[in-house]
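Asks: coords please:
(one chain, ligands or ions: 2)
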Amino acid sequence: MRELNRLRIAIQKSGRLAEKSISLFSKCGLDFDLRRDRLLHECKEFPIDLMLVRDDDIPEYVADGVCDLGVVGENVIRERLPVSELDGDKRVAVVSSLGFGACRLSLALPEMSPVVEVKDLAGKRIATSYPNCLKNYLSDYGIEAHIVELSGSVEIAPSLNIADAVCDLVSTGGTLKSNGLKEFKTLFESQAVLIRTDRPMSATMELDLARLMQRISGVQKAAQSKYIMMNAPREALDQIRRIIPGMEAPSVIPIGTDGVKIAIHAVARENIFWETIENLKGVGASSILVLPIEKVIE
Ligand code: PRT
Ligand code: ZN
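Replies: Residues are numbered from 1 along each chain as shown. Ligands and ions are numbered 1, 2, ... in the order given. Sure thing, here's the model as predicted:
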C-alpha cells in the first residue's frame with residue numbers, strides 16, 4: 001500500500017545517473033537512509049521516499065503511478081514511451097532539466113564507410129539499443145534499414161561484421177574513436193530530467209513538489225553563480241560591469257575618505273574564467289576573490 005501524502009521518486013540504482021541524483025537531493029537538504037536490503041528509502045526531513053531501480057523502468061513506473069516522480073535521461077523517455085503511448089493513458093511530463101548526464105544519440109560509421117548522406121543508409125544494417133528512436137528518425141527521411149537490436153556494446157557490431165553503422169549514446173566520443181567509428185549524425189541531445197506522473201496528486205503532495213522544485217532551482221542557480229569581491233578605482237566601475245558576465249546590481253563600498261577607491265561585491269550569474277580576472281586586473285581591480293555560492297533563493 002502507498003503511504004498517503006509521501007512523494008515517491010524513482011532514481012537509477014547504480015550507473016551513470018545514480019550518484020548525481022542522490023547528490024542533487026542531498027544538496028537540497030534531503031538525506032536518505034540508503035540500506036541495500038530495501039526497495040524504498042525514506043527521507044526523515046521531508047515526505048519523500050526514493051525507489052532505486054533500473055533506469056529503463058523509470059518512465060513506466062512514473063507513467064503507471066507506481067512512483068510520482070523520476071530522474072532519468074531524456075533518451076530513455078524517448079525510447080520507452082514513444083509518442084503513440086503518450087496519446088494513451090501512459091503519460092509523464094518533464095518538470096525540469098537537471099543539468100547532468102549530458103549525452104547525445106548519434107549515428108556513427110566505420111572510418112572507411114561509403115555512406116555520405118542519411119539516405120545512403122537505406123537497406124544497411126544498423127546496430128542500436130534505441131530501435132524506436134532510430135525507426136522514427138529513418139522514417140522522417142522515408143528510408144528503411146535493418147535494425148540490429150543489441151542491449152549493450154553496440155560499438156563493436158561493425159568490427160564483428162553484424163552491422164554497417166551504429167546508433168548509440170555518445171558523450172566524449174572516446175568509445176566511438178577507439179572502435180574505429182566516426183560520428184555521422186546526431187538524432188537528439190539528452191540530459192537527466194525530473195519527470196512527474198500525469199495522474200492527479202493530492203494538494204499536499206503538489207505543495208511538497210513545489211517546495212522540492214524551489215530547492216532544486218536554488219541549487220541549480222547556485223551552481224551557475226559565483227560571488228565576486230574586489231577593490232577597484234571608482235572610475236573603472238562601468239568597465240567592470242561590462243567585464244563580469246551576468247553581474248547584477250553590485251554593492252559598492254567606498255574605501256577611505258577621498259572616494260577614489262571602492263570595494264565591489266557582486267553575484268555573477270555565470271562562471272568566472274581566468275580571462276575575466278585578467279581583464280578586471282587590466283582596468284585596475286586588485287584583491288579579487290571569487291567564491292562558490294551554496295544556495296540562491298529569490
Ligand atoms: O543498469 P541500468 O539499466 O540502470 O543502467 P544502464 O547501463 O542502462 O545506463 P548507464 O548507467 O550506462 O547510463 C544511464 C544514463 O546516463 C543514460 O540513459 C544516459 O541518459 C546517460 N549517459 C550520459 C550515458 C552516457 N552519457 C554515455 N556516454 N549513457 C551511456 N553512455 C555510454 C554509451 O552508450 C557508450 O557506450 O558511454 C559510451 C560512450 O561514452 P563516450 O564518453 O566514450 O562517448
Ligand atoms: Zn538501462
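Asks: so R242 sits in a strand?
Replies: No - looking at R242 with DSSP: H, G, I helix; E, B strand; the rest coil, it is helix, so not inside a strand.
Asks: D37: how many residues sit nearby?
Replies: D37: 4 surrounding residues under other Cβ atoms under 10 Å. For glycine as for every other residue, the C-beta is placed from the backbone atoms N, C-alpha and C.
Asks: in the stretch 1-150 of the chain, which spans are helices?
Replies: All helices of the stretch 1-150 of the chain, identified by DSSP state H, counting those that start in this stretch, fall at 18-27, 58-63, 74-80, 83-87, 131-140.
Asks: so which of those helices is the most packed in?
Replies: Per residue and on average, the most neighbours among those fall to helix 58-63, with a mean of 24 (mean count of other Cβ atoms under 10 Å).
Asks: bridging across strands, which residues link to G70?
Replies: A10, I195 (DSSP bridges).
Asks: list the contacts of it.
Replies: Counting by Cβ atoms under 8 Å, 6 or more residues apart in numbering, G70 touches 9-11, 58-59, 61-62, 92, 194-196.
Asks: hang on, the earlier thing: and the helices of the stretch 1-150 of the chain, which one is worst for confidence?
Replies: Averaged per stretch, pLDDT over the helices of the stretch 1-150 of the chain is lowest on helix 83-87, reaching a mean of 46.
Asks: ok, G65 touching P200?
Replies: No - taking Cβ atoms under 8 Å as the definition, G65 is not a contact partner of P200, at 9.7 Å.
Asks: the more surrounded of the two?
Replies: Counted by other Cβ under 10 Å, G65 and P200 do not tie: G65 has more neighbours, with 15 against 9.
Asks: how near is that one to ligand 2?
Replies: G65 sits 21 Å away from ligand 2, going by Cβ to the ion, to the nearest Å.
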